[in-house]
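Chemist: Predicted model and sequence follow; I will ask about them next.
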Amino acid sequence: MRSRRVSRMRLVLVQILAQTRQTSPRASLDFSTVAAENISARSSASEIKLASRDCARKSWIRTSEPPIVLAVSNPLTTTGETLYLFSHLRRILLWTLLVPVFAGSAWSADTYIEKASPHKHCPLGGSAPARSKKAEENILKNRWRAPRPADFDNRVTTKALSRAVDDPTWSPKRAARIKGYVALVKANTDGEACNCGAKHSIDCDTHIAVVPDRASLGDRRKYVFVEVTPRIRELLAAQNPPIDWTSEALKKRLPGKRVDFEGWMFFDYQHKGAAVASHPVDPKGVNWRATCWEIHPVTSIQILGVF
């Protein structure tokens with residue numbers, strides 16, 4: 001009975017996609033089989049891999065729309081290269097297909113198992129005491145479900161975040177989409193509580209500093225931080241072929257480029273004494289960021305180019 005329901009849902013999804021192709025010139029779909037290592041050399045449009053191994057094994061979708069999970073376009077084109085974790089309308093269609101397939105299986109990332117020794121199990125609350133304020137903060141940091149279109153606060157921009165005053169109406173319950181130039185990429189291997197004290201880069205957050213314009217690349221007081229977390233990284237690495245969001249890979253690809261980031265908002269209180277918005281009087285010059293607000297975790301990365 002369950003297999004029949006799954007089959008019917010897949011059929012409905014295929015019909016919806018077919019109808020979308022006929023009615024919307026922006027959503028033109030062209031299935032093709034492409035070797036992952038040859039994408040950049042062989043394609044001029046985005047090559048997007050469906051996350052479902054069951055229905056799209058070695059299959060790719062060519063589209064001009066934002067991709068479902070990951071898109072990599074020709075780096076020589078004006079669109080640059082694109083990395084996505086879930087898009088908008090098609091995200092809903094994808095979950096329609098994936099929920100019955102992956103329900104109760106590896107799609108739950110509530111407990112993260114370290115990749116490096118000693119392979120500890122890390123809950124959403126990290127190493128903080130249960131029901132403590134720190135545990136609640138860690139749960140927000142460790143969210144792994146992508147935000148829905150209705151979750152986004154369109155008032156949040158890189159320019160707004162880099163101002164000297166925070167907007168009191170911003171909320172960690174909302175998501176944001178910002179564009180800016182990447183000034184810094186590094187793994188935080190200090191052993192954060194949200195990652196249960198892990199110190200190997202594969203099990204740590206990747207900190208990415210973004211500024212609103214190229215002129216601010218060297219000004220730490222303009223830094224807006226976005227962070228890639230181990231849970232999101234693990235979901236991408238589990239795909240076939242795997243997607244590399246390690247700190248090392250992002251450090252090679254992002255610095256100096258103009259990038260679009262999406263993800264959940266988070267206010268990191270522990271940096272109030274180092275952010276211009278919360279620590280404007282700074283005679284000793286200790287400020288190294290614009291605001292305590294972050295995109296944490298990042299759920300989408302799109303490289304727009306260098307201009």
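Modeler: Perfect, thanks for sending it.

Chemist: Spatially nearest residue to H119 (excluding sequence neighbours)?
Modeler: On the basis of Cβ to Cβ, 6 or more residues apart in numbering, the spatially nearest residue to H119 that is not a chain neighbour turns out to be I113, at 6.0 Å. Quick note: C-beta positions are derived from backbone N, CA and C, even for glycine.

Chemist: just checking, the one you found touches H121?
Modeler: Yes. The pair I113 / H121 is scored as a contact, 5.6 Å apart, by Cβ atoms under 8 Å.

Chemist: and those two? which has more neighbours close in?
Modeler: For I113 and H121, the more surrounded residue by other Cβ atoms under 10 Å is I113, and the numbers stand at 12 against 9.

Chemist: Could you check how far that one is from E136?
Modeler: In this structure, I113 and E136 are 22 Å apart, going by Cβ to Cβ, to the nearest Å.

Chemist: With R253 instead?
Modeler: R253 is 33 Å from E136, by Cβ to Cβ.

Chemist: Can you pick out the residue with more neighbours from the two?
Modeler: Neighbour tally, R253 and E136, criterion other Cβ under 10 Å: the higher count belongs to R253, 18 against 12.

Chemist: Would you map the strands across the chain?
Modeler: Along the chain, the stretches classed as strands by DSSP state E are 30-32, 46-49, 60-63, 70-72, 82-83, 112-113, 121-122, 175-187, 206-211, 224-228, 258-267, 293-305.

Chemist: between these, which gets nearest to A274?
Modeler: Counting by Cβ to Cβ, A274 lies closest to strand 224-228 out of the strands of the chain; the figure is 11.0 Å.

Chemist: neighbours of L124, just the number please.
Modeler: Counted with other Cβ under 10 Å, residues neighbouring L124 total 19.

Chemist: And for the one 4 residues further on?
Modeler: The number of residues packed around A128, counting by other Cβ under 10 Å, is 18.

Chemist: thinking A193 is in contact with S127, fair?
Modeler: Yes. Counting by Cβ under 8 Å, A193 does reach S127; the two are 4.9 Å apart.

Chemist: For beta bridges, what are the partners of the residue nearest to D213 when sequence neighbours are not counted?
Modeler: Distances taken as Cβ to Cβ, 6+ apart put Y181 closest to D213, at 6.8 Å, once the chain neighbours are dropped. When bridges are assigned using DSSP bridges, the partners listed for Y181 are V211, R258.

Chemist: any idea how far Y181 lies from A193?
Modeler: Plainly put, Y181 is 30 Å away from A193 if you go by Cβ to Cβ.

Chemist: Name the residue in the two with the higher neighbour count.
Modeler: When Y181 and A193 are compared for neighbours, Y181 comes out ahead with 23 against 16, by other Cβ under 10 Å.

Chemist: if I look at H296, how far off is N154?
Modeler: Distance check for H296 against N154: by Cβ to Cβ, it reads 19 Å.

Chemist: More neighbours: the two, which one.
Modeler: H296 (24 against 8).

Chemist: Surely R231 touches W144?
Modeler: Yes. Counting by Cβ under 8 Å, R231 touches W144, with 4.2 Å between them.

Chemist: intersection of neighbour lists for those two?
Modeler: With contacts defined as Cβ atoms under 8 Å, 6 or more residues apart in numbering, the residues shared by R231 and W144 are 109, 297.

Chemist: Let's see stretch 146-154 as CSV, backbone CA atoms only.
Modeler: As requested, C-alpha coordinates have been extracted for stretch 146-154 and formatted as CSV (Å, rounded to 0.1, in the frame of the first residue of the first chain):
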residue,chain,number,x,y,z
ALA,A,146,15.7,24.8,4.6
PRO,A,147,13.5,27.9,5.1
ARG,A,148,10.3,28.3,3.1
PRO,A,149,9.6,31.3,0.9
ALA,A,150,7.3,32.8,3.5
ASP,A,151,10.1,32.6,6.1
PHE,A,152,12.2,35.2,4.4
ASP,A,153,12.5,38.8,5.7
ASN,A,154,13.2,40.8,2.5
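
Chemist: what mean pLDDT does it have?
Modeler: Average pLDDT, stretch 146-154: 97.

Chemist: how about that stretch: buried residues?
Modeler: Residues of stretch 146-154 classed as buried by neighbour count (16 or more other Cβ atoms under 10 Å): 146-147, 152-153.
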